[in-house]
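>>> below is the sequence, then the predicted model.
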Amino acid sequence: MNESVTAPRLGGWLLLPLAWLIMMMLTSAMVLAMYLSPLFNPVWRVTLFSHDGMLVTNWAVSLLTALAVWLYSLWVCWIFCKRSRRLPRHYIIWLLVTLLLALKTFAFTPVSDGKAAQTLLLALLAAAVFVPYFKRSQRVKSTFIQP
């Protein structure tokens with residue numbers, strides 16, 4: 001039987017969660033570049049490594065978190081495009097991870113409250129819309145069927 005008949009192509013409303021995923025993947029790549037930038041600027045490198053170990057530890061944890069989020073986002077995007085049956089579960093996990101990171105940013109990161117609130121509200125909105133969609137949609141169930 002023809003595969004295009006048995007599994008719908010990516011399109012319609014599924015393009016919206018894919019666009020959100022790609023946008024967040026690009027954002028995490030920029031955050032990763034921001035955390036890597038002290039390694040390539042001699043003044044910043046000296047400043048970073050001349051402080052106590054706690055600053056370097058915090059920087060390293062942030063760098064590794066940004067790398068993990070970027071890699072996971074890249075993998076979720078890959079299985080999204082392959083229409084893997086694993087995608088709905090991992091997309092929901094990915095949404096919850098981004099929500100937790102937005103919550104962490106809101107609570108602990110020294111950025112303006114407005115920007116942190118905006119990040120948190122966008123992550124909440126995405127989770128509130130896409131989690132039920134990926135759990136209940138017939139389109140999702142019929143599209144993501146590949147191993």
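Nice, thanks for sending it over. These numbers were taken from a predicted model, which means no experiment stands behind them.
>>> go through this protein and flag its longest helix.
For the chain, the helix that runs over the most residues, judged by DSSP state H, is helix 53-81.
>>> what packs against that helix?
Contacts defined by 3 or more Cβ pairs under 8 Å, 6 or more residues apart in numbering; DSSP states H and E place helix 53-81 against helix 15-40, helix 42-50, helix 87-108. No exception for glycine: its C-beta is placed from N, CA and C like everyone else's.
>>> for Tyr133, which of these is the nearest?
Ranking the helices and strands packed on helix 53-81 by proximity to Tyr133 (Cβ to Cβ) places helix 15-40 first, at 7.3 Å.
>>> orientation of that closest one relative to helix 42-50 in degrees?
In terms of direction (axes from the mean of the first three to the mean of the last three Cα atoms, to 10 degrees), helix 15-40 departs from helix 42-50 by 90 degrees.
>>> for helix 15-40, buried residues please.
Applying a neighbour-count criterion of 16 or more other Cβ atoms under 10 Å, one finds 17-18, 20-21, 24-25, 27-29, 31-32, 35, 38 buried in helix 15-40.
>>> of these, closest to Arg139?
Set against Arg139, the nearest of these by Cβ to Cβ is Pro17 (11.1 Å).
>>> that closest one contacts Tyr91, correct?
Yes - shown here, Pro17 and Tyr91 form a contact pair, counting by Cβ atoms under 8 Å, at 6.7 Å.
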